[in-house]
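1. 3D model of this:
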Amino acid sequence: MRLAFVSLYTDQRRSDGATRRTRRIAERLAAHGHEVVVLCAQWWEGPLDAFEQNGVEYVAVTRNLSVRTFASKLPFALRRAKPDVIHAANSPPSQVVAAKTAARFLRVPVIVDWWAVRDDDTEGMRRRAVRKADRVVAPSELVKTDVREYGAAEADVTVVPSSIDFDLVSEAEIDNRADLVYARRLDEHANVESFLLALAELRDRDWRAAVIGGGPQREAAEETAAELRIDDRVSFLGDLPPAEFVPILKGAHVFAQTATDQPFARKLLWALACGCVGIVEYQARSSAHELVENCDRGVRVTSPQELADEVVAAADHARASINRSFARYDHDPVMETYEDLYAAERDDYGLF
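-> Below is the predicted model of the structure:
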């Protein structure tokens, strides 16, 4: 199948949760044998109009990040690409509207992958993007609710979670450097302070903790740990690739999820697959609690004190380094879900 991904922003040029998700999906589908082209703003050096990386062809629709210019040129780029299915990121929403213009001519469906809105996405344009989609994909029930508030019907939104490499989880060694782990980009939504405050409540107990992730709030988090007098027991490890953080998760007993904004808690998913007890501090704009619902090694809390209490209670769970019930989140079954959606939408489109 030939798949055209539409995303003005790319992970190589403007990395955030949405662009990382788009890149992972595109590369995994290419690894499944599909022809994948990403129509985007140019992020590579030189005069080339197209660039290939990790099996994915990137085609420059524009050379800058002008939303208006990208939307105006996109239909022509899509006609040249001749895809079987168009897979568009939801933001900016004007690219969804422009993609639908080309889709009518090409007689192919538009799948919109919804992650989160950006500040300059107006509500009116978000609603137009929802109306133009043949199918909307959301990473969680939280995001599905957002999409429905913009006018989507229940039957037109499908939840497809992010995926992990379960073979890596199965095969990785165990690194016992930490009992308790927090992992996420340390930005304004990280709320790592809740984790550190919970640790401070337990300073009279024997534990070692690790914070995995870099970002603009790392220095502030390190200062907080020092002020709480626990910095000698908390290691700040910075950004680590899966091959390096999975062994640490397999050796840990508890993973704490406290971020205030999380369309899908992928690091929590890795931790649960690695056998950690997941303790999730409930936040209105985080979907993390969905991963621990009906999970015997997961619990939801509402404060640092409750988090500390549940860390103590986690001693009732035997240590584990793998939880095979999360194998359903492996790359292959999740990509097969996308493939089934593409095929169904393409077949349905051919009926009209």
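2. which ones are touching Ala308?
-> When contacts are counted by Cβ atoms under 8 Å, 6 or more residues apart in numbering, Ala308 touches 198-199, 201-202. In short, each C-beta sits where N, CA and C put it, glycine included.
3. so it is in which element?
-> In this assignment (DSSP states H and E), Ala308 forms part of helix 304-313.
4. any buried residues in whichever helix or strand comes after that helix, and which?
-> Next helix or strand after helix 304-313 toward the C-terminus (DSSP H and E): helix 331-349. Using 16 or more other Cβ atoms under 10 Å as the test for burial, helix 331-349 gives 331, 334-335, 337-339, 341-342, 345-346, 349.
5. helices along the stretch 101-250 of the chain, start to end?
-> Remark: helices assigned in the stretch 101-250 of the chain by DSSP state H, counting those that start in this stretch are 123-132, 141-149, 166-171, 192-201, 218-227, 242-251.
6. just to revisit the earlier point, in the helix holding Ala308, what counts as buried?
-> Quick answer for helix 304-313 (16+ other Cβ under 10 Å): 304, 306-311.
7. export that helix to PDB, keeping only CA atoms.
-> In PDB, the C-alpha atoms belonging to helix 304-313 read as follows (Å, rounded to 0.1, in the frame of the first residue of the first chain):
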ATOM      1  CA  PRO A 304       2.200  13.100  46.600                       C
ATOM      2  CA  GLN A 305       1.200  11.800  50.100                       C
ATOM      3  CA  GLU A 306      -1.000   9.100  48.500                       C
ATOM      4  CA  LEU A 307       1.800   8.300  46.000                       C
ATOM      5  CA  ALA A 308       4.200   7.800  49.000                       C
ATOM      6  CA  ASP A 309       1.700   5.500  50.700                       C
ATOM      7  CA  GLU A 310       1.300   3.400  47.500                       C
ATOM      8  CA  VAL A 311       5.100   3.100  47.100                       C
ATOM      9  CA  VAL A 312       5.100   1.500  50.600                       C
ATOM     10  CA  ALA A 313       2.100  -0.700  49.600                       C
END
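8. quick check: mean pLDDT of that helix?
-> The average of the pLDDT scores along helix 304-313 is 98.
9. got it, and stretch 56-65?
-> In this model, stretch 56-65 carries a mean pLDDT of 97.
10. now it - C-alpha only, PDB.
-> Output in PDB follows, covering the C-alpha atoms of stretch 56-65 (Å, rounded to 0.1, in the frame of the first residue of the first chain):
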ATOM      1  CA  VAL A  56      10.600   6.800   4.600                       C
ATOM      2  CA  GLU A  57      10.600   9.300   1.700                       C
ATOM      3  CA  TYR A  58      10.200  12.900   2.900                       C
ATOM      4  CA  VAL A  59       9.000  15.300   0.200                       C
ATOM      5  CA  ALA A  60       9.300  19.100   0.700                       C
ATOM      6  CA  VAL A  61       6.000  20.900   0.000                       C
ATOM      7  CA  THR A  62       7.500  24.100   1.300                       C
ATOM      8  CA  ARG A  63      10.900  25.200   2.500                       C
ATOM      9  CA  ASN A  64       9.600  27.100   5.600                       C
ATOM     10  CA  LEU A  65       6.900  26.600   8.200                       C
END
